[in-house]
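generate a structure from the sequence data that follows.
(one chain, ligands or ions: 1)
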Amino acid sequence: MSVIEGKKAKEILKKAEFIAVLTGSGISAESGIPTFRGNDGLWKKFSPEELSSFEGFYRNPAMVTEWYRYRRKIILGTKPNPAHLALADLERIVAEFYLITQNIDRLHQRAGSKKVIELHGNIMENYCMKCGKVFDIEEFDCVYEKFEDHVPRCECGGYIRPNVVWFGEPLPEEAFSEAYKAAVNCEVFISIGTSGAVRPAADLPRYAKYNGAYLIEINPERSYLTDIADLWVKGKAGEVLPQFVEEVKKLKGMK
Ligand SMILES: [Zn+2]
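Take a look at the predicted model:
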């Protein structure tokens, strides 16, 4: 059975040379990454705002630092799934391709994707709130070891925080503007594993559609986007995306 249904969808994908993709937590969940807190015993008693906001960090930087170290360890123990790998494959067969993600786990890069736009930052980096210096995992762990209170500080004295977007914080301007450009200029926009409810990321598929792109949604369940999508491929990304990419290759005469 084909996942790309309809003559129009086939015609458009056959010709498309500029594809933009938006991925959300659904694709990470298929790699075993809990969407936010999962059922992590110790952390269950804290609200997402306490663990992931500037105010929460300000009140208890040691706790928030531990929480992100814990999350990072879980993420480093997971692997890209067939959906991540299929997207890396899709990038290789079209001339212009952007992968916009709301995920912070860097699984797309580990799968081999090159043009990744991170709307919410990534958990593998930390930065100094005062001077902006960026610390990768090794550098961060090295500084972390030096502070008995588990609150690592930069040489300049500033607090070091994860490079992720917290509740109430704006998206990184450069990343969002790059994503916006991709959305309004692409021929096909594919939204994968996202609810379509969290703005402003959820506006991207709408911008794409209103600027003439063909909008495809890949999701096991209906979302806020389903009604405006030109094609809804119903299913888990890890199950339907590999086949979707194979079908695109066939349409393009690559198989
Ligand atoms: Zn600093």
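
not counting its neighbours along the chain, what's nearest residue 229?
Leaving out its chain neighbours, the residue that sits closest to residue 229 by CB to CB, 6 or more residues apart in numbering is residue 217, at 4.1 Å. To be clear about C-beta, it is placed using only N, CA and C from the backbone, and glycine gets the same treatment.

tell me the helices and strands packed up against the one helix or strand that neighbour maps to.
Assessed by DSSP states H and E, residue 217 sits inside strand 214-219. When contacts are defined as 3 or more CB pairs under 8 Å, 6 or more residues apart in numbering; DSSP states H and E, strand 214-219 packs onto helix 7-15, strand 188-192, helix 203-210, strand 231-234, helix 237-251.

same thing but 6 Å
strand 188-192, strand 231-234 (3 or more CB pairs under 6 Å, 6 or more residues apart in numbering; DSSP states H and E).

let's see it as CSV, backbone CA atoms only.
Below are the C-alpha coordinates for strand 214-219, written out as CSV (Å, rounded to 0.1, in the frame of the first residue of the first chain):
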residue,chain,number,x,y,z
TYR,A,214,1.8,21.8,-0.5
LEU,A,215,1.3,20.9,3.2
ILE,A,216,1.8,17.3,4.3
GLU,A,217,1.2,16.1,7.8
ILE,A,218,2.6,12.9,9.3
ASN,A,219,1.0,12.1,12.6
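
name the residues that touch that strand?
12, 188-192, 205, 209, 225-226, 229-233, 237 (CB atoms under 6 Å, 6 or more residues apart in numbering).

list just the nearest of those residues to the ion.
residue 192 (36.7 Å; CB to the ion).

how near is that closest one to residue 220?
11 Å (CB to CB, to the nearest Å).

these two - which one has more neighbours?
Higher neighbour count among residue 192 and residue 220: residue 192, with 24 against 15, using other CB atoms under 10 Å.

what's the most buried one of the helices and strands packed on strand 214-219?
Stretch with highest mean neighbour count among the helices and strands packed on strand 214-219: strand 188-192 (a mean of 26; mean count of other CB atoms under 10 Å).

which strands and helices lie in contact with that strand?
Going by 3+ CB pairs under 6 Å, 6+ apart, strand 188-192 lies up against strand 18-23, helix 203-210, strand 214-219.

of all those, which one is nearest the ion?
strand 18-23 (31.9 Å).

helices and strands around that closest one, which ones?
strand 96-101, strand 188-192.

which SSE is residue 222 in?
Short version: residue 222 belongs to no helix or strand, going by DSSP H and E.

contacts only, for the nearest residue to residue 159 once chain neighbours are set aside.
With CB to CB, 6+ apart as the criterion, residue 159 has its nearest non-adjacent residue at 5.0 Å, and that residue is residue 129. Contact partners of residue 129, counting by CB under 6 Å, 6+ apart, are 158, 159, 161.

and residue 223, how far from residue 207?
17 Å.

next one: the residue nearest to residue 159 from the ion, what distance?
In this structure, residue 129 and the ion are 8 Å apart, going by CB to the ion, to the nearest Å.
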